[in-house]
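> Sharing a model prediction with you, sequence too.
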Amino acid sequence: MLSRGLSGVHDAFTWLTVLPLPQPRGEFDRRRAATVIAAVPIVGAALGAVIAVIAFGLSYTALPTALIGVGMVAVLALATRGMHLDGLADTVDGLGSYGDADRVRAIMRSGDVGPFGAASLVLVLLGESVAFGALAADSRWYEIALAIFVSRATVPISCRSGLGAANADGFGALVAGTQRASIVVWSALALAAAAATGLVGTDGQTLDVAAAVQATAVVVVVLFFAWFFTRHCARRSGGLTGDVIGATIEFSVVLTAVGLLL
C-alpha cells in the first residue's frame with residue numbers, strides 16, 4: 001500500500017509538472033490512475049509553496065505588484081505545461097457551443113481555441129494575476145499557496161465515483177469515477193488549511209477568527225463549485241473529460257484567490 005502510494009505521488013509529479021523525474025514504468029490502468037489522482041493535491045501543495053517563495057523573493061524587487069502577479073501565474077503555467085489552461089479553453093468553448101453532447105465533445109477534442117475559450121483564458125489569467133499580486137502586496141504568502149493547493153484538492157471531487165467518462169479513451173476514461181475516500185480526506189485537509197489562515201501573521205497562538213472563518217467559507221464555496229461545475233459539464237458532454245478537470249482547477253484557483261481578498 002505504501003509503495004503504491006509513493007508511486008502515485010511520483011507519477012503525479014511526472015504527469016502534472018515539468019520536474020525532470022524518471023519516467024514512470026509500466027502500463028497506466030485505472031487502478032494506477034486512481035492513485036495519481038489521489039496524489040494530485042500533494043502536487044498542489046508543492047506548487048503552492050514554490051510560487052509563494054517566488055512571490056516572497058519578487059517582493060524585494062522594484063517590480064509593481066501587477067507584474068509580480070503576472071510572474072507567479074507565468075511560472076505556475078510553465079511548471080504545469082499549461083495543460084490546465086488548455087483544458088479551460090477547450091471546456092468553455094465546448095460549453096459555449098450550446099450543442100448536444102456529441103458536438104460538445106468534438107469541440108473539446110479539436111484543440112482549436114474559439115472566442116469563448118480565448119475570453120475565458122484572458123479573464124482567468126487576469127484575475128489570477130491581479131489577485132496573486134494583491135496577496136503578495138499584503139505579504140499573504142500562505143494564502144497564495146493555499147489557493148493553489150485548494151484548486152488541486154478539487155481534482156478528487158472531479159473524479160468522484162458515479163461520474164462517468166465522456167469518451168472511451170483519453171485521460172477522462174482513465175480517471176473518471178475512481179475517487180471516494182480521497183475526496184473526504186483532501187476536502188477535510190483543505191478546510192483545515194483554510195482555518196489555519198487565522199494563525200498566519202500572528203504569534204502562532206492567537207487565532208484571528210475572522211480570517212479563519214473567511215478562508216474556510218471560501219474553501220467550502222470552491223469545493224461545492226467544483227462538485228456542481230463538473231456535474232454540469234458531465235451533463236453537457238456526456239461525462240467527465242481531462243479538459244473539465246483542468247478547467248475546474250483554473251476556475252478554483254481564481255475563485256479561491258479572489259475570495260480570500262474579499
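Perfect, I can see it now.
> For Gly99, see how far away the closest residue to Leu47 other than its chain neighbours is.
Nearest-residue entry for Leu47: Ile148, 5.3 Å, with adjacent residues in sequence omitted and distances by C-beta to C-beta, 6 or more residues apart in numbering. Bear in mind the C-beta positions are built from the backbone N, C-alpha and C, glycine included. Distance of Ile148 to Gly99, given as C-beta to C-beta, to the nearest Å: 33 Å.
> So which of the two has more stuff around it?
Ile148 (28 against 15; other C-beta atoms under 10 Å).
> helices or strands up against the host helix or strand of the more buried one?
Taking DSSP states H and E as the definition, Ile148 sits inside helix 141-153. Counting contacts by 3 or more C-beta pairs under 8 Å, 6 or more residues apart in numbering; DSSP states H and E, helix 141-153 packs against helix 30-58, helix 115-137, helix 181-195, helix 209-237, helix 242-261.
> Where does the prediction get shaky in the stretch 101-250 of the chain?
Low-confidence segments of the stretch 101-250 of the chain, defined by pLDDT under 70, are located at 201-205.
> Pretty sure the residue nearest to Leu47 sits against Ile54.
No. Using C-beta atoms under 8 Å, Ile148 makes no contact with Ile54, being 11.5 Å away.
> to the chain's geometric centre, what's the distance from the helix holding Ile148?
On the basis of C-alpha atoms, centre = their mean, to the nearest Å, helix 141-153 sits 9 Å off its chain's mean C-alpha point.
> ok, now stretch 176-194?
The gap between the average C-alpha position of stretch 176-194 and the chain average comes to 13 Å, counting by C-alpha atoms, centre = their mean.
> What residues of it count as buried?
Ala176, Gly177, Thr178, Gln179, Ser182, Ile183, Trp186, Ser187, Ala190, Leu191, Ala193, Ala194 (16 or more other C-beta atoms under 10 Å).
> Give me the neighbour count for the closest residue to Gly8 other than its chain neighbours.
Spatial nearest neighbour of Gly8, excluding adjacent residues (C-beta to C-beta, 6+ apart): Thr35 at 3.1 Å. Using other C-beta under 10 Å, the number of residues around Thr35 comes to 20.
> Surely Ile51 is in contact with Met72?
Yes. The criterion here is C-beta under 8 Å, and Ile51 meets it with Met72 at 5.2 Å.
> shared neighbours of the two, anything?
Residues within reach of Ile51 and of Met72 at once, by C-beta atoms under 8 Å, 6 or more residues apart in numbering, are Phe132, Ile144.
> residues touching Thr216, list them.
When contacts are counted by C-beta under 8 Å, 6+ apart, Thr216 touches Leu191, Ala194, Ala195.
> actually Ala33, not the one I wrote
Neighbour list for Ala33: Leu174, Val175, Thr178 [criterion: C-beta under 8 Å, 6+ apart].
> Could you single out the nearest of the residues you listed to Leu85?
Minimum distance to Leu85 across these is 19.0 Å, recorded for Val175 (C-beta to C-beta).
> I figured the closest one was touching Ile157, is that so?
No. Using C-beta under 8 Å as the test, Val175 is too far from Ile157 to be in contact (12.0 Å).
> Next, count neighbours for the closest residue to Phe132 other than its chain neighbours.
Nearest residue to Phe132, sequence neighbours excluded (C-beta to C-beta, 6+ apart): Gly69, at 4.2 Å. The local packing of Gly69 (other C-beta under 10 Å) involves 28 other residues.
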